[in-house]
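Trainee: kindly return the folded structure for what I paste below:
(chains A and B)
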Amino acid sequence: MPSQEPVVVIRDLSKHYGEFIALDRLTLTLERGNILGFIGPNGAGKTTTIRILVGLSRPTSGSATIAGADCVRDLHKVRRLVGYMPDKFGSYDNMRVREYLDFFGAAFGIRRRERQKRIAQVLDLTNATWMQDRFVESLSHGMQQRIGLARTLLHNPEVLILDEPANGLDPEARIEMREILLRLASEGRTLIVTSHILPELSRICNLVAIVAGGKLRAMGTLAEVTRELSQKQTIEIQFLNASRLEAASQRVQQILGQETELTISAAESIVRCRTSAGEEKLSGLLRTLITEGFEISQFREVAGDLEEAFISAAREADAERAAASGRSASAPVSSKGVAAEVTV
Amino acid sequence: MGSIVIIERELLAMLRSRRTLAILTAVAMTFAAVVILKWPTSGIVDLSGSQARLVFHWLTYAMMTATLLIIPVFPATSLVREVRGRTLELLLNSPLSRTSIFLGKVGAMMGFVGMLLFATLPAMACCYLMGGVSLSKDVLQVYSFLLVVSLELVVIGLLVGTWCRSTEAALRWSYGITFAVAVVAIFPNYFLQGGASIFADAAGWLRMISPIPALMKIVSVESLGGTGIMEYRDVLRWYLFFAAVVIIGGAVVVISRLSHALLDRSRSQGLITDDRSASVKAARRVFFLIDPQKRSAGIPWLLNPVMVKEFRSRQFGRLHWLLRLVAGCAVMSLMLTLATTVGTIDWGVESIGGLIIILQVALIVLLTPGLAGGMIAGEIESGGWNLLRVTPMTAGGILRGKLISVCITLALLLCATLPGYGIIMLIKPVLREQVVQVLISLVMAAFVSMLMSATISSFFRTTAAATTVSYATLILMFAGPMLIWINRDAPFGHDLVERTLMLNPLAAALNAMRTPGFESYELIPAAWYTAGALCAALVVILYVRIWRISRAD
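Mentor: Got it, this is the predicted structure:
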């Protein structure tokens, strides 16, 4: 269960590669027991942040601590606190799974007897005991992901940083991976997970952070983030009967304006509108519809999804980049099969 | 038609790489140097043409050396890369036939060979202009012969590529087979020539598979290994026959193996003796000294985990393989002892000692790049380096583990030849001190090779590139000074040759043994100091490199 005790604290973290700014004053705090979905488009700064957290990279400015240990000065401590699973498995030829785990256990300085116990535990936890005598290089991608996770857990780390753990997994393996991650969080571990499979992330993460263009665009629960980033909200108006549905939709369009997208479902007697109209306009719409005799059974906001928030953050970053380079940029962005063009 | 598509793609890819440009430039410059070094200094052309023929001889040796060193790299890695990059899958799913794919690859490699030989043309033209060399009998024959040798090496390389899974293994096997066919095949005849036994006859036939005696026959030099005994077989004709068998047989095997089966590598089910029935366990206990399928124990606390990992992940690094290595070395020791005892009667202790030294150094040069060349580059390539970096192990600890694993393997190999030296000391007890000096020089050679390969490895991100550069550097390091030594009468003076030989631990060992041709130099202890300084410098460079690639970016 999440607690109020902060485990990962990142303050004004910046990383510059010459003129290129990979991370721009990123600040976030993560409490114990949370699963943070760390998402963003390619080149957003996710991997840079992760590399700094595990001590593979040094920030240009700012600080990052894990359970109080500084990621630059207390590297030795950080390595024992963090379990890192990169997107590349890192296999060795001619080694069996048990030997592979034994090697990493020994590299972490775990004593032989304790190591054997830990190997059995992590194999059990990742449902991989049956493959302990197989050669690592002969495992399928899904199996390797499980062994990668087992390797990450060997030294019993407090924080797990997993880069694309569900990448390339089949649906069954993905469900298994999801269950394993939830089990780890329930044990009180803190997880930072990156993924491009957003529906998958929204199922396991209780917190989401979206980075784009090296900046943190939003962070919070899924609902908070989607609300913060979505430029349009979806309103559903359900009528008692479908007889005046056409007239009602024309009225809605008049009140909310032409930029509002309407979808009519006659079977459900619902008019669905995606609009950027403010609260005032929406309350005016409800009042007008009732005054004009439309019988309304429900008037509600439909929660946005992560994909939408992700695209919104990506657009924002693109717009900033284009503004910074002082030219007009036109970037086609596609969501749910609808293509939109952003012009700055 | 299909083959042309492959030739175009392969050849363009080869020509686009900087490595190819470097190779072609190096070849052109080396051949120019060979001609310049052997060019008559007096300004008067020898009417008999003997000087021109001498230049021609050296040029052909250099061309053969370049062919044996450069050609195996490309075919060996070509198929492995296609399999690993899954592009072979695309090729096999295209309308191209397997024969077209094979012919395309061979065509592209031979195109490269053509360019390589073309780079030697200016040097050969100079040689021809000196006179004494026939265009049709000498020049064309040499070029045609080298094309046949190259074709044989290309087919061997492709054949190796259909079996190996990694570029590193493909390179190792390809160079190993080339070395065995070209060089090792000659040696049994040295020892057994003139005998009436079946072994002597077999050794004579074995020698025919090597292209070197055949080339020497073309350039009209006395038969290599002939030592004055009349050669009753036509070396050239028999070599061409064996090469044709290898080319045709190899092509058939490669074409038959070029299928989806190459991509469908069976996955080991992880059969372990510990989980089998009591009777199977008992039987395996009797038949195996060390059961390869027994579940291995955890790494003990006193051992460096990286060292154990290196042995376990090496193809022949497991204990049961090491035992085989020790057994093989013991057999080699006995053979060397026998050769020493028999050979010294004819050749003298110094000559046979020199032969053992050359064999040992050849073995070191052949094995070390495979062991240490991929040490760091392979780790970076597989993604294991970042995993090691996030463990509490220090960069020094990681490096120590890797170096110790190579040291142990090389020590085992060197120890195998000790009985040979023991016999030498027994036959000529005054040589005791010299033998000790030889052993020190050999240890130095092993250290220099290991540290050089490891340092090169730390500069690369792929095993194949690191291993190839390691091979080239070691061969240059050990064979380069020898080329200067060969020219010891002219144009190089005694002092220059001596100073150059000091850079080579092989020369130091030969000097310590007083091998003919090396007696007049005083290389010890200066050569040891040079090797020691080189090792120290390499250790520093290696540690700096490791520190740089293991610190936070």
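Trainee: mind checking the SS state of the residue of the stretch 151-300 of chain A at minimum distance from chain B?
Mentor: Using Cβ to the nearest Cβ, the single residue of the stretch 151-300 of chain A nearest to chain B is A:R151, 7.7 Å away. From N, CA and C alone the C-beta is placed, and that goes for glycine too. Of the three states, A:R151 takes helix under DSSP: H, G, I helix; E, B strand; the rest coil.
Trainee: wait, doesn't it sit right on A:Y84?
Mentor: No - judged on Cβ atoms under 8 Å, A:R151 makes no contact with A:Y84 at a distance of 9.6 Å.
Trainee: what about residue 302, neighbour count?
Mentor: You didn't say which chain, so I picked chain A. 11 (other Cβ atoms under 10 Å in any protein chain shown).
Trainee: switch to chain B, that's the one I care about
Mentor: Here the number of neighbours of B:L302 (other Cβ under 10 Å) works out to 5.
Trainee: and for the one 4 residues further on?
Mentor: Around B:V306 there are 25 other residues, counting by other Cβ under 10 Å.
Trainee: which residue, other than its chain neighbours, is closest to it?
Mentor: B:G401 (2.8 Å; Cβ to Cβ, 6 or more residues apart in numbering or on different chains).
Trainee: what residues does the residue lying closest to B:L319 once chain neighbours are set aside make contact with?
Mentor: Leaving aside its sequence neighbours, B:L319 sits nearest to B:I290 (Cβ to Cβ, 6+ apart; 5.0 Å). If you count contacts by Cβ atoms under 8 Å, 6 or more residues apart in numbering or on different chains, B:I290 has them with B:L319, B:H320, B:L323.
Trainee: ok, the first one to B:C164 distance?
Mentor: Using Cβ to Cβ, to the nearest Å, one gets 23 Å for the distance from B:L319 to B:C164.
Trainee: quick one: low-confidence parts of the stretch 301-450 of chain B?
Mentor: B:315-317, B:333, B:336, B:339-341, B:343-347 (pLDDT under 70).
Trainee: chain A now?
Mentor: Using pLDDT under 70, chain A drops low at A:1-4, A:230-231, A:303-304, A:325-344.
Trainee: which helix runs longest in it?
Mentor: The residue-count maximum for a helix in chain A (DSSP state H) belongs to helix A:306-325.
Trainee: now it: buried residues?
Mentor: The neighbour-count check on helix A:306-325 (16 or more other Cβ atoms under 10 Å in any protein chain shown) flags A:306, A:308-320, A:322 as buried.
Trainee: domain ranges for chain A, per the record?
Mentor: Here the domain parsing of chain A from automatic domain parsing is A:6-226, A:231-302.
Trainee: so which of the ones you listed is the most packed in?
Mentor: Among the domains of chain A, domain A:6-226 has the highest mean neighbour count (mean count of other Cβ atoms under 10 Å in any protein chain shown), at a mean of 20.
Trainee: can you get me the start-to-end distance on it?
Mentor: 24 Å (Cα to Cα, to the nearest Å).
Trainee: try stretch B:11-26
Mentor: With Cα to Cα applied, stretch B:11-26 spans 19 Å between its terminal residues.
Trainee: does chain B sit close to stretch A:69-87?
Mentor: Yes - residues of stretch A:69-87 contacting chain B under Cβ under 8 Å from any Cβ of the partner chain: A:V72, A:L75, A:H76, A:R79, A:R80, A:V82, A:Y84, A:P86.
Trainee: ok, now which ones touch the last one?
Mentor: By Cβ under 8 Å, 6+ apart, the contact list for A:P86 reads A:D163, B:G383, B:N386, B:L387.
Trainee: for chain A, which segments are assigned as helices?
Mentor: Using DSSP H, helices in chain A cover A:46-53, A:75-81, A:97-107, A:112-125, A:141-153, A:171-186, A:198-204, A:222-229, A:245-256, A:279-291, A:306-325.
Trainee: ok, which of these comes nearest B:G532?
Mentor: Minimum separation from B:G532 across the helices of chain A (Cβ to Cβ) falls at helix A:97-107, 32.2 Å.
Trainee: which SS state does B:G374 fall under?
Mentor: Assignment for B:G374 (three-state DSSP): coil.
Trainee: list the contacts for the closest residue to it other than its chain neighbours?
Mentor: Here the nearest residue to B:G374 in space, its sequence neighbours aside, is B:T463; by Cβ to Cβ, 6+ apart that works out to 3.7 Å. Applying Cβ under 8 Å, 6+ apart to B:T463 gives the contacts B:S166, B:T167, B:E168, B:G373, B:G374, B:A377, B:G378, B:E381.
Trainee: ok, the residues you listed vs chain A, which is closest?
Mentor: Closest to chain A, out of all of those and judged by Cβ to the nearest Cβ, is B:S166, at 6.9 Å.
Trainee: okay, now the closest one: neighbour count?
Mentor: There are 20 residues near B:S166, going by other Cβ under 10 Å.
Trainee: now it: how far from B:A62?
Mentor: In this view, B:S166 and B:A62 are 31 Å apart by Cβ to Cβ.
Trainee: equivalent analysis for A:P59, please.
Mentor: From A:P59 over to B:A62 the distance is 54 Å, taken as Cβ to Cβ.
Trainee: fine by me, thanks again.
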